[in-house]
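1. predicted structure and sequence below. I'll ask about it afterward.
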Amino acid sequence: TIFKDLENGSEKTVLGLLLFNGYLTPTYRNQEGRKYYYGLKIPNEEVKVVYDQMLERLLERSSEVSESSILTALLDQDALEFEEVLSQYMLTSFSYHDIQHRGALPEKVYHAFILGLMAHLSNKFIIKSNPETGLGRADLIIYPKNINDPRGWVFEFKKWKRSSPALKELAQEAMEQIHESKYITVLEENNKTELMFVGVAFDGKEVACVIEKS
């Protein structure tokens, strides 16, 4: 393990460390030329408990805004409330020690953080992280398992870098990617018509959203 890569949040390094320590296990292998691609899963219930406990410790840091308020705003498709409570939650859930340097957290950490919040919906909703849809891979797609429920959500995440525009503009770029890459496709295939698109940009504890509904 190259520890500098681990500190920088390199996906392969983090996943490799989890894999070799038994916190993930391979499920399948595909070969494309000289490259191999592996599917990974949590190996058993005992390890899943460890992940749950880690997530709970992170969520417990937030005292002013609960994860339930974020999910309520999301399910109500209340765009203004969702942006406000998510922003407040970010301010209280990450500590100074998580982000000692401005923008230090990699995009995948924010992605995993939001995905962890949405895991509370998994009993009644399909939650897809990085699914193939349209012309690419959306960061996160959610829709009800109930075929008569017409709602659906698409998320695209961006992390601010020194070369990036202002945070709100970066969130707008995420929204444009949702439309240009036709991430709506998988929702249309499942007859979802009441849609909410969320472009999210992160920088440290700061978050900006651009939200559209159709």
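-> Yep, that arrived.
2. quick check: which element contains the residue sitting nearest the centre point of the chain?
-> Residue closest to the mean C-alpha point of the chain, counted by CA atoms, centre = their mean, is His111 at 2.9 Å. Element membership for His111 (DSSP states H and E) is helix 107-118.
3. identify the residues contacting Leu140.
-> If you count contacts by CB atoms under 8 Å, 6 or more residues apart in numbering, Leu140 has them with 111, 114-115, 118, 127-130, 153-157. Just so you know, the C-beta spots here come from the backbone N, C-alpha and C atoms, and that holds for glycine as well.
4. that one bridge partners, please.
-> Ser129, Phe155 (DSSP bridges).
5. ok, and for the helix holding His111, which residues are buried?
-> Buried residues in helix 107-118, counted by 16 or more other CB atoms under 10 Å: 107-111, 113-118.
6. neighbouring contacts of it?
-> Against helix 107-118 from outside (CB under 8 Å, 6+ apart): 9, 11, 55, 58-59, 67, 70-71, 93, 125, 127, 129, 139-140, 142, 155, 157-159, 200, 202.
7. PyMOL command for the buried members of these?
-> For the buried members of these, the matching PyMOL selection, counting by 16+ other CB under 10 Å, is:
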select buried, resi 55+58+59+67+70+71+93+125+127+129+139+140+142+155+157+158+159+200+202
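8. the contacts of helix 107-118 in strands, which ones?
-> 125, 127, 129, 140, 142, 155, 157-159, 200, 202 (DSSP state E).
9. list the contacts for Ala174?
-> So Ala174 contacts 156-158, 199-201, 210 (CB under 8 Å, 6+ apart).
10. quick check, Tyr37 in contact with Leu15.
-> No. Between Tyr37 and Leu15 there is no contact under CB atoms under 8 Å: 12.0 Å.
11. any low-confidence regions in this structure?
-> 1-10, 57-66, 93-106 (pLDDT under 70).
12. secondary structure class for Pro43?
-> Following DSSP: H, G, I helix; E, B strand; the rest coil, Pro43 is assigned to coil.
13. break the chain into its domains for me.
-> Domain segmentation of the chain under the TED database yields 1-60, 67-213.
14. returning to that earlier point: include distance to Leu19 when you put the ones in strands among the contacts of helix 107-118 into CSV, please.
-> Converted to CSV, those look like this (distance: CB to CB, whole Å):
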residue, distance to Leu19
Phe125, 28
Ile127, 23
Ser129, 18
Leu140, 23
Ile142, 27
Phe155, 26
Phe157, 24
Lys158, 28
Lys159, 24
Val200, 28
Phe202, 26
